[in-house]
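Participant: based on what follows, work out the 3D shape:
(one chain, ligands or ions: 2)
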Amino acid sequence: MKYISTRGNAPELEFEDVLLTGLASDGGLYVPKELPHYSLDEIRSWRDLPYAELAFKVIKPFVGGAIEDSALQSMINDTYAGFAHNAVAPLAQIDNNEYVLELFQGPTLAFKDFALQLLGRLLDHVLTKRNERGVIIGATSGDTGSAAIEGCKHSDRLDIFIMYPHNRVSEVQRRQMTTIKGDNVYNLAVEGNFDDCQGMLKACFADQSFLKGERRLIAVNSINWARIMAQVVYYFYASLNLGGPDRDMAFSVPTGNFGDIFAGYLAHKMGLPVKQLIVATNKNDILHRAISQNKYEKHPLAQTLSPSMDIVVSSNFERLLFDVYGRDGAALSQLMQKMNTETVEFDAQGMAAVRQLFDSYSVDDDVTCETIKQLYGETGYLLDPHTAIGVKAARECRRDAKTPMITLGTAHPVKFTQAIEKAGLEAPKLPHHLQDLFEREERFTVMQNDLDELKSFVAKTIFA
Ligand SMILES: Cc1ncc(COP(=O)(O)O)c(C=O)c1O
Ligand SMILES: N[C@@H](CCOP(=O)(O)O)C(=O)O
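Facilitator: Ligands and ions are numbered 1, 2, ... in the order given. Predicted coordinates for the structure are as follows:
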């Protein structure tokens, strides 16, 4: 499998090199040159597979021959054996034909575990084979950070630096990152927001001279293709468990960096019958406005009760726009420059095609809390605020009642007790493995929103 950059001016890479990078050298994101496509018969034949076996089927073509089958299958098996539920991604029914796909059964209680617990293993495997060391710099609004640290903390091939917006993640999220003991783990509390952190991360890829050519810079955010690849699997899994591929499915996806919903779009392009994908946003609704009004206009980032989705510059939207612009890297490159500084209207025909599959909806904090309360009252099922935004959007945007509607349950409610309490409900208890989280010692460094400070911190640490 070959990978190309969305901006059309970077070398084509094979899987291993895509895994060991982040942004392409032209500033774009890597995507497969050609996607695998499956017939309904092939997809149907996967119906009874356990999650890890299905994951192997879906992931293998993206890896190509880069990793032997037995090693790949065993990394996948080990990854999902660490999840709390035997089904790995169980479906909870919340109404007639309406479901939550629980993607929070992994060790850090958010959907990020699906890709990041595997990514840590893949990175370690490939770096060991090449006898190389890598530096991870990651940006998180709360969940990617802890999942990446959990996935990479055992690797002596990696140093991992995670930037998060100081005082803008939940207390559980922060403690999940800052209490991990590991000589290779550094938490950086940046005086800024998630966009600032992600902006610095991208700037590090653009100029890597601070690593003196001695270390490889690797991304754990969804700009890394391997993240998206692993997230495609659960769309197939959910559908197959509800009668797919012999019926259409609709998915509502709490959205920030557009990685998770982009994985759903890929599943559809790979042959899975998907009737509707709903982009569910909080008050940071740039994607909702872009899709519903064809107007891409940045508003200042708002702090909400769903902090993981407090994102304005949504990286993976570029991967969708690449298709909207007929995979023309030069045209997209110009467009992306324009989107940094101007309000942009996208190609009308391309956006009309997008709207055949995508709908969007924005939910504010009050309605998020009302949704948590209402669903708990109806069913006794407790939603986290991000998933609540998905459920609300699903109910508002549903096109028909016959198609099963699956909201991606992106996090466990215990991570976001502020919203649960604001909804007038009692916060759940931490699971057993995190029971002493509030007694553990924290380690983090507060840092200005300053690229030079970040680069010199990283360089000083790894070359000490
Ligand atoms: C709990 C939760 N829900 C939803 C999202 C949004 O996912 P994406 O960034 O892939 O759009 C995130 C983070 O990105 C998250 O942590
Ligand atoms: N919500 C994320 C933000 C980063 O998104 P990613 O999927 O690109 O890693 C977080 O919780 O960190």
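
Participant: what does this protein put close to ligand 1?
Facilitator: Where proximity means CB under 6 Å from any ligand atom, the interface of the chain facing ligand 1 comprises 110, 143, 222, 254-260, 308-309, 386, 410-411. Placement of C-beta: from N, CA and C, glycine included.

Participant: what is the nearest of those residues to N131?
Facilitator: Taking CB to CB as the measure, S222 is the one of the residues of the chain next to ligand 1 closest to N131, at 27.9 Å.

Participant: what parts of the chain come near ligand 2?
Facilitator: For the chain, the residues in contact with ligand 2 under the definition CB under 6 Å from any ligand atom are T140, S141, G142, D143, T144, G145, N221, S222, G256, N257, G259, S308.

Participant: quick one: the last one and G256 touch, right?
Facilitator: Yes - using CB atoms under 8 Å, S308 is in contact with G256, at 6.3 Å.

Participant: what is in contact with the two at once?
Facilitator: In terms of CB atoms under 8 Å, 6 or more residues apart in numbering, S308 and G256 are both contacted by the residues S141.

Participant: what residue in the stretch 51-200 of the chain comes nearest to ligand 1?
Facilitator: Nearest to ligand 1, among the residues of the stretch 51-200 of the chain, is D143, at 3.4 Å (CB to the nearest ligand atom).

Participant: what's the distance between that residue and R227?
Facilitator: The spacing between D143 and R227, counted by CB to CB, to the nearest Å, is 12 Å.

Participant: about what we covered before: which of the residues of the chain next to ligand 2 fall within helices?
Facilitator: Using DSSP state H, D143, T144, G145, G259 are the members of the residues of the chain next to ligand 2 that sit in helices.

Participant: the second one: neighbour count?
Facilitator: When neighbours are defined as other CB atoms under 10 Å, T144 has 27 of them.

Participant: identify the residue nearest it in space, chain neighbours excluded?
Facilitator: What sits nearest to T144 in space, not counting adjacent residues and going by CB to CB, 6 or more residues apart in numbering, is K112, at 5.2 Å.

Participant: and if you look at the last one?
Facilitator: Once flanking residues are discounted, G259 sits nearest to S222: 3.0 Å by CB to CB, 6+ apart.

Participant: before we move on, what about C152?
Facilitator: Computed as CB to CB, 6+ apart, the closest residue to C152 that is not its neighbour in sequence is G120, at 4.4 Å.

Participant: now that neighbour: phi and psi?
Facilitator: Note on G120: backbone dihedrals following degrees, to the nearest 10 are phi -60, psi -40.

Participant: tell me who's in contact with it.
Facilitator: With CB under 8 Å, 6+ apart as the criterion, the residues that contact G120 are A148, E150, G151, C152, K153, H154, S155.

Participant: surely the residue nearest to G259 touches T255?
Facilitator: No - between S222 and T255 no contact is recorded; they are 11.4 Å apart, counting by CB under 8 Å.

Participant: higher neighbour count, those two?
Facilitator: Using other CB under 10 Å, the more surrounded residue of S222 and T255 is T255, with 32 against 24.
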